[in-house]
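# this is a predicted model, with the sequence first.
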Amino acid sequence: MIFELRNITKYYGDTLANDDISIHLNEGEILCVVGENGAGKSTIMKILYGLEQPTSGEILVKGQPVRFRNPSDAMAHGIGMVQQHFMLFESLTVAENIVFKREPRRGPLLDKKAMLAAVSELSERYKLKIDPSARIENCPVGLRQRVEILKILYQNAEIIVFDEPSAVLTPIEVEALLQTMKELAAAGKSIVLITHKLNEVMAVADRIYVMRSGKLVAERKKEETSTDELAYLMVGHHPATREIPPVKTGETLLATEELSLHKDGRDVLSKVSIHVDGGEVVGIAGVSGNGQSELESVINGLEAPTGGKVLLCGRDVTHESVHTRRELGMAHISEDRFLWGGAVSGTLSENAIMAKEEREPYNHKGFLRKKKITEYAGSLIERFSVKASGPDSLLGELSGGNAQKLVAAREIMMETPVLICCEPTRGIDIGASDFIHNEILNKREKGDAVLLISSELSEITTLSDRIYVMFEGKIVGEFNRGAVDEKALGLLMLGGKIDA
């Protein structure tokens with residue numbers, strides 16, 4: 001037994017996050033921890049890594065009681081963590097972030113050649129492609145995730161905690177990552193994997209802990225369980241299935257015409273032409289860093305294109321502001337819920353009312369009506385099952401998944417004819433994902449247009465009536481529902497070709 005958490009209890013004020021949790025990890029084992037958002041699994045891992053202090057209970061590493069005041073203490077005991085929310089320095093390069101505090105040196109100076117060589121070798125070994133010289137501030141979410149993974153691998157920790165590590169990878173890359181975990185475990189590393197993707201759990205786990213509402217509700221060996229049982233244990237009921245009937249589409253509500261964007265000396269978008277009609281969900285599949293983030297930004301007015309047009313409800317909005325686009329009927333679940341989607345230091349009421357703050361009944365003659373705003377925020381919290389103490393809670397106090405649910409709730413309830421969904425269920429559990437998927441399909445049934453940009457291919461293939469595939473800023477394929485499988489999509493996303 002390489003580590004053990006005994007009777008861990010954690011309170012945040014009056015909120016009980018962990019209730020008498022005892023878990024252990026064996027040397028060379030892959031342990032999976034699953035549960036809904038707010039179940040307490042991330043809190044228990046933060047306690048293991050020194051990011052949080054338990055209210056009561058103890059931690060043992062190799063049988064010896066320890067107390068971690070911070071992550072440096074945890075690393076000193078051989079524990080590394082790839083976190084769901086990135087811990088990177090924006091102004092430094094990819095390579096500098098990966099080797100931080102363990103830089104190769106030539107005398108007192110940084111050996112840049114050795115650093116770049118080490119990082120390049122690491123990225124090739126684990127099949128996680130990155131540009132070592134790129135600055136983090138210029139990297140999209142998917143590349144930042146890879147940097148986090150490589151950073152922990154570079155530190156060569158004995159215990160590696162992975163928090164949703166595959167969220168931005170293609171099926172082929174996921175297979176490589178899971179194989180890497182197996183190889184690390186075979187070499188004596190001990191792995192903890194936090195994930196909502198039960199197929200990944202069944203692919204690599206030796207043992208599985210299931211948490212619900214802050215409690216440990218089950219422990220299973222992989223060979224003794226199934227994805228159906230784990231899903232039931234996580235949510236307390238069997239997830240509903242839903243048929244997606246074909247619908248007759250209406251007029252085109254969103255389109256781009258030969259959209260181009262030249263940035264940082266290269267074409268990140270190259271003559272991208274897509275359209276989304278009323279009554280359909282159109283998916284954009286692609287490995288992060290191939291233009292999807294820029295396409296999202298240009299469509300929403302956050303970035304001006306070099307060439308081409310954006311059309312919204314038949315109107316050219318290429319040079320219109322974000323505010324104007326929202327007023328004309330565009331809502332937007334953004335890729336990064338904390339950077340673009342919400343105000344971390346704002347209350348849930350303040351976040352819920354964004355884009356409605358000038359409208360009745362929330363604003364009367366220039367004055368905000370707090371009671372109406374609080375009531376509205378409370379309705380979103382209840383309908384979308386956001387786990388929070390109330391509308392006055394801060395967004396930054398919520399788990400990542402619950403913050404995502406609030407942002408998604410706000411944008412879906414804008415009731416606009418066009419909804420842009422970028423990674424709408426990233427880091428969200430099965431029950432919440434099903435709920436948001438149903439809300440997206442409800443918009444489709446009402447005749448609205450939904451553009452879905454997601455690195456989760458099962459989400460793309462399940463929800464989309466049509467799918468565009470992006471690679472290096474270009475559209476390299478278009479398919480109707482059911483005409484292509486995830487393996488073929490993954491191959492196209494990596495620049496390959498499929499048989500016609």
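Perfect, thanks for sending it.
# C-alpha only now, for contacts and for neighbours.
Will do.
# hmm, who's touching stretch 54-63?
Outside stretch 54-63, the residues within contact range by C-alpha atoms under 8 Å, 6 or more residues apart in numbering are 1-11, 20, 47-48, 65-67, 77.
# buried subset of the residues you listed?
Among those, those buried by neighbour count (16 or more other C-alpha atoms under 10 Å) are 2-10, 20, 47-48, 67, 77.
# widest-spaced pair of those residues?
Using C-alpha to C-alpha, those span at most 23.7 Å, a distance reached by Asp20 and His77.
# picking that back up, please flag which of the contacts of stretch 54-63 sit within strands.
If you go by DSSP state E, the contacts of stretch 54-63 have 3-11, 20, 65-66 in strands.
# pick out whichever of those sits closest to Arg106.
Closest approach to Arg106 among the ones in strands among the contacts of stretch 54-63 (C-alpha to C-alpha): Val66, at 35.5 Å.
# check the closest one and give its pLDDT.
pLDDT for Val66: 94.
# how near is it to Leu60?
Here Val66 is placed at a distance of 6 Å from Leu60 (C-alpha to C-alpha, to the nearest Å).
# then Arg69?
Distance, Arg69 to Leu60, using C-alpha to C-alpha: 14 Å.
# grab the most central residue of the chain for me.
Closest to where the C-alpha atoms of the chain average out (C-alpha atoms, centre = their mean) is Arg426, at 3.1 Å.
# now that one: which helix or strand?
According to DSSP states H and E, Arg426 maps onto no helix or strand at all.
# mind saving the C-alpha coords of stretch 117-125 as PDB?
Output of stretch 117-125 as PDB, limited to C-alpha atoms (Å, rounded to 0.1, in the frame of the first residue of the first chain):
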ATOM      1  CA  ALA A 117      15.300  18.400 -26.500                       C
ATOM      2  CA  ALA A 118      14.000  16.900 -23.300                       C
ATOM      3  CA  VAL A 119      10.500  18.300 -23.800                       C
ATOM      4  CA  SER A 120      10.400  17.200 -27.400                       C
ATOM      5  CA  GLU A 121      11.500  13.700 -26.500                       C
ATOM      6  CA  LEU A 122       8.800  13.500 -23.800                       C
ATOM      7  CA  SER A 123       6.000  14.700 -26.100                       C
ATOM      8  CA  GLU A 124       7.000  12.100 -28.700                       C
ATOM      9  CA  ARG A 125       7.300   9.300 -26.200                       C
END
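# quick revisit: and the pLDDT at the residue nearest to the centre of the chain?
pLDDT, read off for Arg426, is 75.
# next: Thr55.
95.
# what do you get for Pro140?
Looking at Pro140, its pLDDT stands at 69.
# all the strands of the stretch 301-450 of the chain, in order from the start?
Here the stretch 301-450 of the chain has its strands, by DSSP state E, counting those that start in this stretch, at 307-312, 315-316, 330-333, 363-364, 367-368, 418-422, 449-453.
# most packed of these?
Compared across the strands of the stretch 301-450 of the chain, strand 449-453 shows the largest average neighbour count, a mean of 28 (mean count of other C-alpha atoms under 10 Å).
# what pairs with that one, and is each one parallel or antiparallel?
Paired neighbours of strand 449-453 in the sheet (DSSP bridges): strand 280-285 (parallel), strand 418-422 (parallel).
# go ahead and produce CSV holding the CA coordinates of the shortest one.
These are the backbone C-alpha positions of strand 418-422, laid out as CSV (Å, rounded to 0.1, in the frame of the first residue of the first chain):
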residue,chain,number,x,y,z
VAL,A,418,-28.9,30.4,-32.5
LEU,A,419,-26.9,28.7,-29.8
ILE,A,420,-23.1,28.1,-30.0
CYS,A,421,-22.0,25.3,-27.7
CYS,A,422,-18.3,24.9,-27.2
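# I'd like the mean pLDDT over it, please.
Mean predicted confidence for strand 418-422 is 95.
# how about stretch 180-193?
The average pLDDT for stretch 180-193 rounds to 88.
# try stretch 434-452
Per-residue pLDDT over stretch 434-452 has a mean of 92.
# stretch 205-219 too?
Average pLDDT, stretch 205-219: 94.
# quick one: terminal-to-terminal distance for that stretch?
12 Å.
# part of a strand, is Ser288?
No. Read with DSSP: H, G, I helix; E, B strand; the rest coil, Ser288 is coil and lies in no strand.
# so who does the closest residue to Ser270 other than its chain neighbours touch?
Distances taken as C-alpha to C-alpha, 6 or more residues apart in numbering put Ser260 closest to Ser270, at 4.7 Å, once the chain neighbours are dropped. The contact partners of Ser260, by C-alpha under 8 Å, 6+ apart, come to 267-272, 305-308.
# domain map for this protein?
As assigned by automatic domain parsing, the chain contains the domains 3-235, 250-329+416-500, 339-414.
# those domains into a markdown table, with extra columns for distance to Ile244?
Below are the domains of the chain laid out as a markdown table (distance: least, C-alpha to C-alpha, whole Å):
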| stretch | distance to Ile244 |
| --- | --- |
| domain 3-235 | 21 |
| domain 250-329+416-500 | 8 |
| domain 339-414 | 19 |
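# now that we're looking at the residue sitting furthest away from the middle of the chain, what pLDDT does it have?
Distance from the C-alpha centroid of the chain peaks at Gly107, with 40.7 Å (C-alpha atoms, centre = their mean). On the pLDDT scale, Gly107 is placed at 90.
# ok, how many other residues are close to Asn138?
Neighbour count for Asn138, taken as other C-alpha atoms under 10 Å: 13.
# not counting its neighbours along the chain, what's nearest Ala203?
Leu178 (7.6 Å).
# mind listing what's buried in the one helix or strand the one you found maps to?
Here Leu178, judged by DSSP H and E, is contained in helix 171-186. Going by neighbour count (16+ other C-alpha under 10 Å), the buried part of helix 171-186 is 171, 173-174, 176-178, 181-182, 184-185.
# nearest to Asn290, of those residues?
Glu173 (15.1 Å).
# contact partners for Glu294?
Applying C-alpha under 8 Å, 6+ apart, the residues near Glu294 are 268-269, 303.
# if you rank these by neighbours, which is first?
Neighbour tally across those (other C-alpha under 10 Å): the maximum, 27 neighbours, falls on Leu269.
# is it true that Gly495 lies in a strand?
No. Assigned with three-state DSSP, Gly495 falls outside any strand and is coil.
# is it true that it touches Gly473?
No. With contact defined as C-alpha atoms under 8 Å, Gly495 does not count as touching Gly473 (11.3 Å).
# these two: which has the busier surroundings?
In this view Gly495 and Gly473 are compared by other C-alpha under 10 Å, and Gly473 has more residues nearby, 24 against 13.
# the more buried one is in contact with Gly291, isn't it?
Yes. The criterion here is C-alpha under 8 Å, and Gly473 meets it with Gly291 at 4.6 Å.
# shared neighbours of those two, anything?
The contact sets of Gly473 and Gly291 overlap at 268-269 (C-alpha under 8 Å, 6+ apart).
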